[in-house]
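[1] I need the structure of the sequence given here:
(2 chains)
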2 protein chains.
Amino acid sequence: MIDLGIGEPNPSSLPLKELQQASVHRLGLQDTSCLQYGPEEGSLSFREALAGFLSRHYKSPVRAEELLITAGASHALDLILSRLCEPGDVVWIEDPTYFFALDVFRDRDVRLVAILTDDQGLDLQAVERRLAIGAPRLLYTIPVFHNPLGVTLSSLRRRRLLELARQQGFLVVADEVYQLTGDPLLTPPPLRTVDSEVVLSLGSFSKILGPGVRLGWIEGPPALLARLRDAGVLRSGGGVSPVMAAVLESAIRLGLQDAHLSRIRALYARQRAHAISLLRRSLPPEVRFTAPDGGYYVWLVLPGHVDTTALAEEAAKLGVAFRPGPVFSLQQRFANCLRLCFTYYDEATFTTAIERLAGLLRPVVSRELAHL
Amino acid sequence: MIDLGIGEPNPSSLPLKELQQASVHRLGLQDTSCLQYGPEEGSLSFREALAGFLSRHYKSPVRAEELLITAGASHALDLILSRLCEPGDVVWIEDPTYFFALDVFRDRDVRLVAILTDDQGLDLQAVERRLAIGAPRLLYTIPVFHNPLGVTLSSLRRRRLLELARQQGFLVVADEVYQLTGDPLLTPPPLRTVDSEVVLSLGSFSKILGPGVRLGWIEGPPALLARLRDAGVLRSGGGVSPVMAAVLESAIRLGLQDAHLSRIRALYARQRAHAISLLRRSLPPEVRFTAPDGGYYVWLVLPGHVDTTALAEEAAKLGVAFRPGPVFSLQQRFANCLRLCFTYYDEATFTTAIERLAGLLRPVVSRELAHL
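    Numbers count the residues shown, from 1 in each chain, chains lettered A, B, ... in the order given. Next up is the predicted model:
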């Protein structure tokens, strides 16, 4: 089975040797502080190293005092819901959105409203229509290399969204974990560069080093971070993974993280170009998609009569899997859509899977033509 | 300032060299799986290693399929509240209890009821009286080397508590993080050995290796663990800290964790004996305490007129700190009590602090005598 539903980095890219080198460096420093309880927000020296790394690669300044260390973006989201929302608060999400985020919301007592998207990301007209009814407590958006859509929110929409957030008094939680995975020339600066007061930005080492380190960050206004750091679990535990954070601090200070980022950017650029060219060549013309400039995903829009959940069963018989559209949707919409991940497998394996999938799709599409 | 309020392991005991050795071993195995997303409950091989370690030291069998890896006991508690409680559910806690647990409960929407304790821990008569009004969803208890009381629940009370839990249908969440820190001959087996179906046991590497690794576990019935592992944050992130878990697996398999546990048990036994003897010798006879057989803490009960919150200000002027009783209590009871930690400082520093504290207490106690 070639499972293009897996949304993970390429296993061959995972920097085991670099992590060992960073561990030997940090744990050889004769400084036991990382083995003790640490500050709730993460150690200052790690946040300074991370701020330096992000400032270089975001090409806009990031300050250590605007960072709080998390166990990844989903932990960040859970923390924000726990500390900044009251039970029953309204939270807006995109339709479609990151499907595991739906599970995180379910575990906290908030009311969800799904807002439309299009091939430029969040639909700002839909936002304005909904604001006429009332503003949410917060909006969860994936503004860059969207999961699952692969699209990026335009500058115009970014400015308008944050104007509305400021006017109507809601927070924007920007899931920007794919920010550094794409073509730097085609990547807009992070959302906080437009208005830093109304945005909490979620970042993660999952996409730039490896998910197994389970470390990420929230970048936001210090007053909001102060409310987040007061969480019981952080106060009790003394911050997230001080040992792992200390090791990643060494990875940054030794230049290992920079070098790894360059390597995976080049790898993902190759995989992306290959995937786009292959999909254009192989898929029937009735299957539409927007070519991504970064991230892990391509979202295929099939003719309206196709049910991708049923199609997945046919695909499984051919040894191919993908994620059907409805899993990304609060109301299980997008029955005719599916998400492919192009980073996990090597190019030859990806090609095999797409050829099988294309073979499956051709008669499905022609059945539609026969109906017309 | 010598702050006996700090409840942490002795910094000189933190096994930096062993952690480096385990990291070099694990990250040299050419197995990148720990850098990827892992299973929600933690990898099977880590849970097997941990089950073997616990079976040896608990002297009762622990099964890998009854373990779920957490980021420590407070994360475990938060996860249990999130997945096994409904908003508004009643949770019973001990009075006094671990003070940061109060913050964890605050972040989840549960109603707390504080149950009395005495010098044998949870007061079972108080439990029975309260059960006449109604049963809770769950009871959070610290049955061994209680924080802050230092006491251990008797076998008789353990059996009665679990009979009641089974009859009345509530869960017992046993915070057993100090289980392995005491005198093995004076440590009862973990609470699940009495009735494994109604108990979730919380354990942590914080007390046996170092808090900065931020790894712990829940041991419980598989059906309950299945509900816990379905948490959105775990499903999204793929388990807690797979890299750190893989390194600790090596620490266990290489025997480093066993050797470290022997060392700290011997260290804590020395520190405990020294603290008890010193306190008996130095404190005025009106100050009562129960000598602990393990854990980090001694709970001092002062004459009823003494306000330890005010006393803390006087102590600070002498360069000594402690945690006043009311921080451990939902209703800020125990105004005349305080908690000391005897593990964090070396014996000479601890002695200096206790001598200053004893000097401060003598006139306070004699003031009371003058009143009589």
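
[2] and residue A:47, how far is that from chain B?
    In this structure, residue A:47 and chain B are 16 Å apart, going by Cβ to the nearest Cβ, to the nearest Å. In this view, the C-beta of every residue, glycine as well, is placed from N, C-alpha and C.

[3] middle-most residue in chain A, spatially?
    Centre of chain A computed as the mean C-alpha position; nearest residue by Cα atoms, centre = their mean is residue A:177, 4.2 Å away.

[4] tell me where chain A has helices.
    Counting by DSSP state H, chain A forms helices over residues A:16-27, A:44-58, A:73-84, A:99-106, A:124-131, A:155-168, A:222-229, A:232-237, A:242-253, A:256-282, A:308-317, A:347-371, given from the N-terminal end onward.

[5] make sure the residue nearest to the centre of chain A is actually in contact with residue A:203.
    Yes. With contacts counted by Cβ atoms under 8 Å, residue A:177 reaches residue A:203, the gap being 6.1 Å.

[6] need the residues touching each of these two.
    Both residue A:177 and residue A:203 are contacted by A:73, A:216, under the criterion Cβ atoms under 8 Å, 6 or more residues apart in numbering or on different chains.

[7] near chain B, which residues of the stretch 151-300 of chain A are found?
    When proximity is defined by Cβ under 8 Å from any Cβ of the partner chain, the stretch 151-300 of chain A lies next to chain B at A:209-214, A:230-233, A:235-238, A:240-244, A:246-247.

[8] and those residues, which are buried?
    Burial of those was assessed by neighbour count (16 or more other Cβ atoms under 10 Å in any protein chain shown); the buried members are A:209-214, A:231-233, A:235-238, A:240-244, A:246-247.

[9] wait, residue A:164 sits on residue A:128?
    Yes. Residue A:164 lies in contact with residue A:128 (Cβ under 8 Å); the separation is 7.0 Å.

[10] so the two - more neighbours on which side?
    A side-by-side neighbour count of residue A:164 and residue A:128, using other Cβ atoms under 10 Å in any protein chain shown, places residue A:164 first with 19 against 12.

[11] on the pLDDT front, check that one for me.
    Here, the pLDDT recorded for residue A:164 equals 98.

[12] distance of it from residue A:150?
    Separation of residue A:164 from residue A:150 (Cβ to Cβ, to the nearest Å) stands at 24 Å.

[13] next up, the contacts around the closest residue to the residue nearest to the centre of chain A other than its chain neighbours.
    Nearest residue to residue A:177 in three dimensions, chain neighbours excluded: residue A:204, at 4.4 Å (Cβ to Cβ, 6 or more residues apart in numbering or on different chains). If a contact means Cβ under 8 Å, 6+ apart, then residue A:204 has A:72, A:73, A:177, A:215, A:216, A:217 as its contacts.

[14] how deep is residue A:347 tucked in, by neighbour count?
    Counted with other Cβ under 10 Å, the burial measure for residue A:347 works out to 14 neighbours.

[15] now do the same for it: its pLDDT.
    Confidence per residue is given as pLDDT, and for residue A:347 that number is 97.

[16] these two touch, right, it and residue A:271?
    Yes. Contact between residue A:347 and residue A:271 holds when scored by Cβ under 8 Å: they sit 6.5 Å apart.

[17] show me the contacts for residue A:107.
    Residue A:107 sits next to A:78, B:82, B:83, B:231, B:232, B:233 when contact means Cβ under 8 Å, 6+ apart.

[18] again, 10 Å this time
    For residue A:107, the contacting residues are A:78, A:81-82, B:79, B:82-83, B:108, B:230-235, by Cβ atoms under 10 Å, 6 or more residues apart in numbering or on different chains.

[19] dump those into JSON lines; add pLDDT as well.
    Below are the contacts of residue A:107 laid out as JSON lines (pLDDT from 0 to 100):
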{"residue": "A:78", "pLDDT": "96"}
{"residue": "A:81", "pLDDT": "96"}
{"residue": "A:82", "pLDDT": "94"}
{"residue": "B:79", "pLDDT": "97"}
{"residue": "B:82", "pLDDT": "94"}
{"residue": "B:83", "pLDDT": "95"}
{"residue": "B:108", "pLDDT": "88"}
{"residue": "B:230", "pLDDT": "96"}
{"residue": "B:231", "pLDDT": "95"}
{"residue": "B:232", "pLDDT": "93"}
{"residue": "B:233", "pLDDT": "94"}
{"residue": "B:234", "pLDDT": "95"}
{"residue": "B:235", "pLDDT": "94"}
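
[20] with the residues you listed in mind, which one is nearest to residue A:280?
    Each of the contacts of residue A:107 was checked against residue A:280 using Cβ to Cβ; the closest is residue B:235, at 33.7 Å.

[21] doesn't residue A:72 make contact with that closest one?
    No. Counting by Cβ atoms under 10 Å, residue B:235 stays clear of residue A:72, with 12.0 Å between them.

[22] from the stretch 251-372 of chain A, which residue is nearest to chain B?
    Closest residue of the stretch 251-372 of chain A to chain B, Cβ to the nearest Cβ: residue A:344 (9.7 Å).

[23] burial count for that residue?
    By other Cβ under 10 Å, neighbour count at residue A:344 equals 21.

[24] for residue A:167, same thing?
    Other residues close to residue A:167 by other Cβ under 10 Å number 11.

[25] in this structure it contacts residue A:135, no?
    Yes. In this structure, residue A:167 is within contact of residue A:135 by Cβ under 10 Å, at 8.9 Å.

[26] show me which residues of the lengthiest strand in chain A are buried.
    Among the segments of chain A that qualify as a strand by DSSP state E, the longest is strand A:111-118. Within strand A:111-118, the residues that count as buried by 16+ other Cβ under 10 Å are A:112, A:114, A:115, A:117.
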